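Peer 1: Pasting the sequence and the predicted model now:
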Amino acid sequence: MITEPFGHSFRVDRQVHGYAVVVRVAGEVDALTVSELKHEIAVGLALATPPAPVVVDLSEVDFFAAAGLNELHRGHLAAKAAGVQLRVVAGHRHVLRPFEISGLDQEITPCPTLAEALVVRTPGDARRFALPTT
């Protein structure tokens, strides 16, 4: 879905790859756009099959406000309650800095790449789910 409220650019979509779910986000995540992110994370959690993760890919985000941090924290707690891992791809300052300042990086360790986020980490298991094709 693409929205441009008041000059904001934002895109979010969801792809299922085997048992893993990838939520790709681009543009500005703030109070005007976070409801769409919330919806896609909730659907991703409903579709996910443990031990496969739900991955929120923020590699194309160029602004990440507190509303986005709060939603990722809520998603993380919901994922834990459902027995699903929520992973975040964040490899640049626009996302990493807010993670560090808020302390969210202490609860959700950002992965630098989608490939790393899709590796299942359970004792004795290191399966990799197929990377999405674009």
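Peer 2: Arrived safely, thanks for sending.

Peer 1: Please list all residues in contact with the residue nearest the centre of the chain.
Peer 2: Central residue of the chain (CA atoms, centre = their mean): residue 56, 1.5 Å from the mean position. Counting by CB atoms under 8 Å, 6 or more residues apart in numbering, residue 56 touches 23, 25, 37, 41, 44, 72, 75, 86, 87, 88, 89. No exception for glycine: its C-beta is placed from N, CA and C like everyone else's.

Peer 1: Give me the next element, helix or strand, following the helix or strand where it lies.
Peer 2: Here residue 56, judged by DSSP states H and E, is contained in strand 54-64. Taking DSSP H and E as the definition, the helix or strand that follows strand 54-64 towards the C-terminus is helix 66-82.

Peer 1: Buried residues, that next one. List them.
Peer 2: 67, 68, 69, 71, 72, 73, 75, 76, 79 (16 or more other CB atoms under 10 Å).

Peer 1: isn't the third one right next to residue 102, touching?
Peer 2: Looking back up the chat, that one is residue 69. Yes: Residue 69 lies in contact with residue 102 (CB atoms under 8 Å); the separation is 5.1 Å.

Peer 1: before we move on, the earlier item: let me know the closest of the buried residues of helix 66-82 to residue 51.
Peer 2: The nearest member of these to residue 51, counting by CB to CB, is residue 79 at 11.9 Å.

Peer 1: That closest one: what's it in contact with?
Peer 2: So residue 79 contacts 45, 54, 85, 86 (CB under 8 Å, 6+ apart).

Peer 1: ok, which pair from the residues you listed is furthest apart?
Peer 2: 45 and 85, at 10.4 Å, using CB to CB across these.

Peer 1: anything in contact with each of these two?
Peer 2: 54, 79.

Peer 1: more crowded one of those two?
Peer 2: residue 85 (21 against 18; other CB atoms under 10 Å).
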